[in-house]
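A.B. asks: when you get a sec, could you give me coordinates for this:
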Amino acid sequence: MKIERLQELKQKLIREPNLAKIWSFYMDHFADFQEFTDLGEPTDSPFLEAVIPQVCEQIFGRKMRISGLLTIYIAEHQFFHSPLFAEGRPGGVIYFEEAKVGMLAVSAEFPPTADVLYSRFSESFRMNVPKGYARKRPKGFKYN
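C.D. replies: Numbering: from 1, shown residues only. Predicted coordinates for the structure are as follows:
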């Protein structure tokens, strides 16, 4: 794993029209390397916690129960990544804080198949954040 390729991932995320190519690059060069995960720290991300359910709802056309979110933040690169499940469908999310752009990938079916749905999003994404939304996840908070 070469961490300097993270900048290449960011450029792909900003410019590449084929989202499957972006996700494949991420998976091939980062996701399966424990040393990559070890570079970051588990953290809360109110933005991702709000945007993921909304993106999934747009992808699937209905509200989806999100679980398994374990957000890791690599401060040096202002990069978030996390696995997730959308009603049992495995997926993941990546997000560059400085560029304000991210991507969600999730299995199209349950049980999972090789078909994957993708969505790119930006911080300008219209979020329906509840009034008084807490910046910090309350102790014991879990997606159902």
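A.B. asks: residue 92 is in contact with residue 107, correct?
C.D. replies: No. Taking CB atoms under 8 Å as the definition, residue 107 is not a contact partner of residue 92, at 10.3 Å. Any C-beta I mention is one placed from the backbone N, CA and C, and that applies to glycine too.
A.B. asks: strands along the chain, start to end?
C.D. replies: Along the chain, counting by DSSP state E, strands occupy 41-42, 66-67, 72-74, 79-86, 89-96, 101-107, 116-122.
A.B. asks: now those strands in a markdown table, with mean pLDDT, distance to residue 10 and mean neighbour count?
C.D. replies: As requested, the strands of the chain are exported to a markdown table (pLDDT from 0 to 100; distance: least, CB to CB, whole Å; neighbours: other CB atoms under 10 Å):
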| stretch | mean pLDDT | distance to residue 10 | mean neighbour count |
| --- | --- | --- | --- |
| strand 41-42 | 96 | 20 | 10 |
| strand 66-67 | 96 | 25 | 16 |
| strand 72-74 | 96 | 12 | 20 |
| strand 79-86 | 97 | 8 | 21 |
| strand 89-96 | 97 | 5 | 21 |
| strand 101-107 | 97 | 8 | 22 |
| strand 116-122 | 96 | 12 | 17 |
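A.B. asks: which of those strands sits closest to residue 58?
C.D. replies: Taking CB to CB as the criterion, strand 116-122 is the member of those that comes nearest to residue 58, at 7.0 Å.
A.B. asks: from the chain's centroid, how far away is the closest one?
C.D. replies: Once both centres are worked out by CA atoms, centre = their mean, to the nearest Å, strand 116-122 turns out to sit 9 Å from its chain's centre.
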